[in-house]
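*Asks:* Okay, predicted coordinates and the sequence, questions at the end:
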Amino acid sequence: MSDINDLAPPPSPLRVLHLEDDKLDAELAAEALRKGGFAASVVLVETEGEFERQLRSQPPDIVIADYNLPLWNRMEVLDLVRRKSPDIPLILVSGSLKDVTAVECIKAGATDYVSKDGLARLPQVIRRALHEKHQRSLRLQAEEDLARKVDELARSNADLEQFAYVASHDLQEPLRMVTAYTQLLAERYSGKLDENADKFLGYASEGARRMQVLVHDLLAFSRIGRNGFTSGSVDCNTVMQEVLQALASAIQESSAVVTHAGLPAVWADRTHVAQILQNLIGNAVKFRGKEPPVVSVQAEKTGRQWRFSVSDNGIGIAPEYAENIFVVFQRLHARSEYPGNGIGLAICKKIVEHYHGKIWVESQAGSGSTFKFTLPSHGPDERVPERL
Ligand code: ADP
């Protein structure tokens, strides 16, 4: 704890508003302040009206109030200061303040109290009160800075997302032209020019095709969270049928076995659920080891969410990459080893987080992976039955 005497110097002069009807007591307090090293400019008031006027017209650095004023209720003084100037420290001075009453006063908003026969403590109490006020304002400032930064970050993220959306959307049209005309060139002229020309046409067509997939995936990524999606109850068994259909040729080529036992309904957009399952099952088949892939999809209820797991017997992932792989364009292999553009898991993460869920992987290199993610079981306003 910092020593009160080491604290930053108080304002000089210290503006004190002193509520006291006894001139002698007021003088004793001023004397205690002088002795305690304060250059204080004290405004002494006796009545409620004067006190309120001063508080409004010349807000002081500190308020000292006699607890035993006969004219008005001391709780009202506290209330007034707290309402009008919540940040000004208020020190009560009392001839007889019992401990219980002191606690009540502090609960009601007094910063501290001293007894009239212990006025020598007043400077120390004031220093501590000013120090605490300073700390509070620093904390508040730090909170405001943080809130502003969070705000700026959210705005710049939104700008980036808008940019990615517009760019990927608008790139589609010229890209369609490039793809169509390289295809046309290949159809009309392959075999009619020299060997190099055929090779170059092949590269151009492949490049255009890859860029189409990339732009399509980027668009899918930046569409998540935009309008056009509606949440409702989605039966994951039906979605699974569609996903298996879409992945049929990869499953067949690799002799994969994909099992799923009685999947639940979740509260989400149907396309989103399909995107997650298709990416995860597609990866489980793609990143296979020497054995044919064995993939299992399951779900388990946890509170208002279903926790899904998609496990495989593939090449696995070293734990140090477990977080990186969910970042856009992060891949652990060359495209020649395993095709892909590194957007699939980023799409899954963005969708799951859109529903306030989580996605993660449990894996070791060489011994298969289990991807887990959560989705809501019910809509936000729906009541969940006690037992399911
Ligand atoms: P892509 O599949 O296009 O490479 P993803 O974003 O879907 O992109 O995956 C990112 C990376 O995570 C992959 O390149 C791969 O290295 C790793 N990965 C994803 N799923 C698996 C899996 N089931 N087994 C092993 N590695 C995986």
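*Replies:* That came in fine, so what should we check first?

*Asks:* now the strands for the protein?
*Replies:* For the chain, the strands defined by DSSP state E occupy 14-19, 40-45, 62-66, 90-94, 112-115, 232-235, 257-260, 265-268, 294-302, 305-311, 359-363, 369-376.

*Asks:* and the last one, what's its mean pLDDT?
*Replies:* Put plainly, it is strand 369-376. The pLDDT scores in strand 369-376 average 97.

*Asks:* Would you point to the one among the strands of the chain that's packed deepest?
*Replies:* Ranked by average neighbour count under the criterion mean count of other C-beta atoms under 10 Å, those are headed by strand 62-66 at a mean of 24. (Each C-beta comes from the backbone N, C-alpha and C, glycine too.)

*Asks:* Number of residues surrounding whatever residue of the stretch 1-150 of the chain ends up closest to the ligand?
*Replies:* Closest approach between the stretch 1-150 of the chain and the ligand, counting by C-beta to the nearest ligand atom: Val150, at 27.2 Å. Per other C-beta atoms under 10 Å, the neighbour tally for Val150 reads 10.

*Asks:* List the residues that contact it.
*Replies:* By C-beta atoms under 8 Å, 6 or more residues apart in numbering, Val150 lies in contact with nothing.

*Asks:* Show the model's pLDDT score for it.
*Replies:* 95.

*Asks:* same thing with the one 3 residues further on?
*Replies:* Per-residue confidence for Leu153 comes out at a pLDDT of 91.

*Asks:* What count of nearby residues applies to it?
*Replies:* As a burial measure, Leu153 scores 10 neighbours (other C-beta under 10 Å).

*Asks:* thought Trp306 was touching Phe373?
*Replies:* No. If you go by C-beta atoms under 8 Å, Trp306 and Phe373 don't touch, sitting 9.2 Å apart.

*Asks:* Pick out the residue closest to the middle of the protein.
*Replies:* Closest to where the C-alpha atoms of the chain average out (C-alpha atoms, centre = their mean) is Val150, at 8.4 Å.

*Asks:* related to what we said a few turns ago, for Glu143, see how far away the residue of the stretch 1-150 of the chain closest to the ligand is.
*Replies:* Val150 sits 10 Å away from Glu143, taking C-beta to C-beta, to the nearest Å as the criterion.

*Asks:* same thing with Leu160?
*Replies:* Using C-beta to C-beta, Leu160 is found at 26 Å from Glu143.
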